[in-house]
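>>> okay, sequence plus prediction incoming.
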Amino acid sequence: MTRMKRILALTLSLLVSAALFAGGNAETVNTEAQTDQAETARAKYVFFFIGDGMALPQINAAEALLGTKDNQGTPKKLTFSKFPVQGLTTTYAANAFITDSAAAGTALATGHKTNSGVISMDPTGSTSYKTLAEMAKEAGMKVGIVSSVNLDHATPAVFYAHKKSRSDYYAINVQMAESNFDYFGGGMVRIDKTPAGEKSAHDIMKERGFVIASDREQFNAMKPEAEKQYYAYNTGFAANALDYTIDMDSSAITLAEFTQKGIELLDNDKGFFMMVEGGKIDWACHANDAAASIYDTIAFDQAIQKAVDFYNRHPNETLIVVTGDHETGGLSLGFAGTQYDSAFDEIAKQKKSFEWFDTYVLKPYKENKPNGSLADLMPKIEETFGLTDLTDYETAQLQEAFTRSMGGEVERPKSQDEYLLYGGYEPLSVTITHLLNQRAGIAWASYSHTGVPVATFALGASSGQFNGYYDNTDIFTKLSNAMFAGASVAMAR
């Protein structure tokens, strides 16, 4: 590098450091290696974080709540939003402008567009695409897959499975069990989908000698052993996924802990590739529960901090990339009823998710008091969501939703009007979160995904190439360039 280039690189490094310091928490990211190494170094240790359903609105909402809780008057940046390299990424599928997670994940994992619903194959389901994780394993690196949702869900599945349908859960979780990957952590695969007379994924894992942990004691006891494979899962009260962060108790294993355990188990001289998904950001946004989404975004950031801690010990060899697969919910930081005002302290009043309320309050109430009244439930609504001092409009909305919930009109809305109002969720629960969100100055446009670009952030070796505006397939190319130093890789299996 010429003397002038070194001076310019040093100046850039100082400017980046100053900007991070001004944003607070500068000590969490060491950018000293962001000169020569940022453009040329091979990434030996690669972290790929995917916030499912996470675009700029979800990130900004989390930062707004953190700033409100700290009484600083302005948003407080997340760890990854302080990364020095940032870009925007398009997300469309081969057959749709608005993608699903299978097609978006396939683009990220393989560099190929495919149809919604397809797992790392071409749109016809006749050709399999080799994934970054499979390439890493073939190159001698260790591989880990982590998610806060079921490990046979679309986003984690695209890194190890190849199926025409994301709903073919049994075949997908068998492919997970038969993969040669080193670590799986997060939610449990759906062994309840095992056909009669067939071995479950857990049976296959046991035969292959996996070290399996299903609770905190077993998880804490997991230690790296030569040639061992590891599977750690922890499930919540309502699904085979982790609980929403807002609902977790002390027995729950967090996404950050699964990430840290992955670092411990995967660290070796040949390097590793670890994909970590914040899957419940998406689930919360589908249900239009801003608080649940925000707290899971913060938990996702805490997992990223574990990677940053590792980066600070290995800055010349580590690459961290953070992106979303698509936006969910059409989240808007602004609402017609509050105009230019916002009040994120209203979000801070919510203590549990819509799912917790459905499971522990509304469902038993419907069973035990089929002829009950909204007045009976108001104390629990106030306690759980902080929704008090209702206006006449809010009372009318809650009353209508309560009547529909008590009538069981939830699973399959009978009309388009009902879907637009409640999206197939419990009418009362989604109305509560809508009203609370509106008080905060937050609105939603959908119960599904949207087509807006997502943000991509990068730190470390070869990170400079992630600047700019590019497609999700380009992330695969950039990652493979960083990992394999320009070596050609076969795209098909």
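The structure has been received and is ready for your questions.
>>> longest helix in this structure, please.
Longest helix in the chain by number of residues (criterion: DSSP state H): helix 290-313.
>>> check which helices and strands that one sits against.
Contacts defined by 3 or more C-beta pairs under 8 Å, 6 or more residues apart in numbering; DSSP states H and E place helix 290-313 against strand 45-51, helix 56-69, helix 255-266, strand 272-278, helix 280-286, strand 318-324, helix 427-440, strand 454-460. All C-beta spots, glycine's among them, are computed from the backbone N, C-alpha and C.
>>> would you mind writing the CA trace of it as CSV?
The C-alpha coordinates for helix 290-313 follow below in CSV (Å, rounded to 0.1, in the frame of the first residue of the first chain):
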residue,chain,number,x,y,z
ALA,A,290,-44.4,-4.1,18.5
ALA,A,291,-43.1,-4.7,22.0
ALA,A,292,-42.5,-8.4,21.4
SER,A,293,-40.7,-7.5,18.1
ILE,A,294,-38.6,-4.8,19.7
TYR,A,295,-37.4,-7.0,22.6
ASP,A,296,-36.5,-9.8,20.2
THR,A,297,-34.6,-7.3,18.1
ILE,A,298,-32.7,-6.3,21.2
ALA,A,299,-32.0,-10.0,22.0
PHE,A,300,-30.8,-10.5,18.5
ASP,A,301,-28.4,-7.5,19.0
GLN,A,302,-27.2,-9.1,22.3
ALA,A,303,-26.3,-12.3,20.3
ILE,A,304,-24.4,-10.1,17.8
GLN,A,305,-22.5,-8.6,20.7
LYS,A,306,-21.1,-12.1,21.5
ALA,A,307,-19.7,-12.2,18.0
VAL,A,308,-18.2,-8.7,18.4
ASP,A,309,-16.5,-9.8,21.6
PHE,A,310,-14.9,-12.6,19.6
TYR,A,311,-14.0,-10.2,16.8
ASN,A,312,-12.2,-8.0,19.3
ARG,A,313,-10.0,-10.9,20.1
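>>> buried stuff in that helix?
Neighbour-count burial for helix 290-313, counted by 16 or more other C-beta atoms under 10 Å, picks out 290-308, 310-311.
>>> for that helix, what is the distance to the chain centroid?
10 Å (C-alpha atoms, centre = their mean, to the nearest Å).
>>> so it versus strand 45-51, what angle?
Between helix 290-313 and strand 45-51, the angle comes out at 170 degrees (axes from the mean of the first three to the mean of the last three C-alpha atoms, to 10 degrees).
>>> from here on, count from 39
From this message on, residue numbering opens at 39, which makes the last subject helix 328-351.
>>> what angle separates helix 328-351 from strand 310-316?
160 degrees.
>>> circling back: list just the one of the helices and strands packed on helix 328-351 that sits closest to Gly375.
Closest to Gly375 of these is helix 465-478 (C-beta to C-beta; 5.6 Å).
>>> just checking, what packs against the closest one?
Partner elements for helix 465-478 (3+ C-beta pairs under 8 Å, 6+ apart): helix 328-351, helix 392-395, helix 412-423, helix 430-444, helix 454-460.
>>> among the ones you listed, which is nearest Val249?
Ranking the helices and strands packed on helix 465-478 by their distance to Val249 (criterion: C-beta to C-beta) puts helix 328-351 first, at 20.5 Å.
>>> average pLDDT for that closest one, rounded please.
Summarised as a single mean, pLDDT over helix 328-351 is 98.
>>> now swap in stretch 438-456 and tell me
The model assigns stretch 438-456 a mean pLDDT of 74.
>>> mind listing the strands for the stretch 39-188 of the chain?
Under the criterion DSSP state E, counting those that start in this stretch, strands of the stretch 39-188 of the chain are mapped to 83-89, 123-128, 180-185.
>>> now do the last one against strand 83-89, angle only.
In terms of direction (the same axes, to 10 degrees), strand 180-185 departs from strand 83-89 by 20 degrees.
>>> for the helix or strand that comes right after strand 180-185, which outside residues touch it?
Using DSSP states H and E, the helix or strand that follows strand 180-185 in sequence is helix 192-195. Here helix 192-195 makes contact (C-beta atoms under 8 Å, 6 or more residues apart in numbering) with 88, 90, 138-140, 142-143, 157-158, 183-185, 187-189, 201, 204, 210, 214, 222, 224, 313, 315, 317, 363.
>>> would you mark the buried spots in stretch 384-391?
Neighbour-count burial for stretch 384-391 [16+ other C-beta under 10 Å]: 384-385, 387-388, 390-391.
>>> that one: end-to-end distance?
14 Å (C-alpha to C-alpha, to the nearest Å).
>>> same deal with stretch 126-146?
First residue to last in stretch 126-146 (C-alpha to C-alpha) measures 14 Å.
>>> where in this structure is pLDDT low?
39-78, 446-453, 524-531 (pLDDT under 70).
>>> Throw the helices and strands packed on helix 465-478 into TSV and include distance to Gln124, thanks.
Shown next, in TSV, are the helices and strands packed on helix 465-478 (distance: least, C-beta to C-beta, whole Å):
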stretch	distance to Gln124
helix 328-351	14
helix 392-395	32
helix 412-423	34
helix 430-444	39
helix 454-460	35
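>>> nearest to Asn510, out of the ones you listed?
Among these, the nearest to Asn510 by C-beta to C-beta is helix 328-351 (18.1 Å).
>>> identify each buried residue in stretch 220-232, please.
Buried residues in stretch 220-232 (16+ other C-beta under 10 Å): 220-228, 231-232.
>>> now the helices and strands packed on helix 328-351 in JSON lines, with distance to Gly372 and mean neighbour count?
Output for the helices and strands packed on helix 328-351, formatted as JSON lines (distance: least, C-beta to C-beta, whole Å; neighbours: other C-beta atoms under 10 Å):
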{"stretch": "strand 83-89", "distance to Gly372": "21", "mean neighbour count": "27"}
{"stretch": "helix 94-107", "distance to Gly372": "10", "mean neighbour count": "22"}
{"stretch": "helix 293-304", "distance to Gly372": "29", "mean neighbour count": "22"}
{"stretch": "strand 310-316", "distance to Gly372": "24", "mean neighbour count": "28"}
{"stretch": "helix 318-324", "distance to Gly372": "16", "mean neighbour count": "28"}
{"stretch": "strand 356-362", "distance to Gly372": "20", "mean neighbour count": "27"}
{"stretch": "helix 465-478", "distance to Gly372": "11", "mean neighbour count": "24"}
{"stretch": "strand 492-498", "distance to Gly372": "18", "mean neighbour count": "26"}
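>>> with distance to Lys114 added, can I get the ones you listed in CSV?
Compiled in CSV, the helices and strands packed on helix 328-351 are given as follows (distance: least, C-beta to C-beta, whole Å):
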stretch, distance to Lys114
strand 83-89, 18
helix 94-107, 4
helix 293-304, 18
strand 310-316, 18
helix 318-324, 18
strand 356-362, 17
helix 465-478, 16
strand 492-498, 16
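>>> which residues does Met260 contact?
When contacts are counted by C-beta under 8 Å, 6+ apart, Met260 touches 249, 251, 268, 270, 299, 302-303.
>>> can you list phi and psi of it for me?
The phi/psi pair for Met260 (degrees, to the nearest 10) reads phi -70, psi 120.
>>> for the one 4 residues further on, same thing?
Main-chain dihedrals, Ala264, degrees, to the nearest 10: phi -60, psi 130.
>>> nearest to Ala174, of the buried residues of stretch 384-391?
Using C-beta to C-beta, those come closest to Ala174 at Ser391, 34.8 Å.
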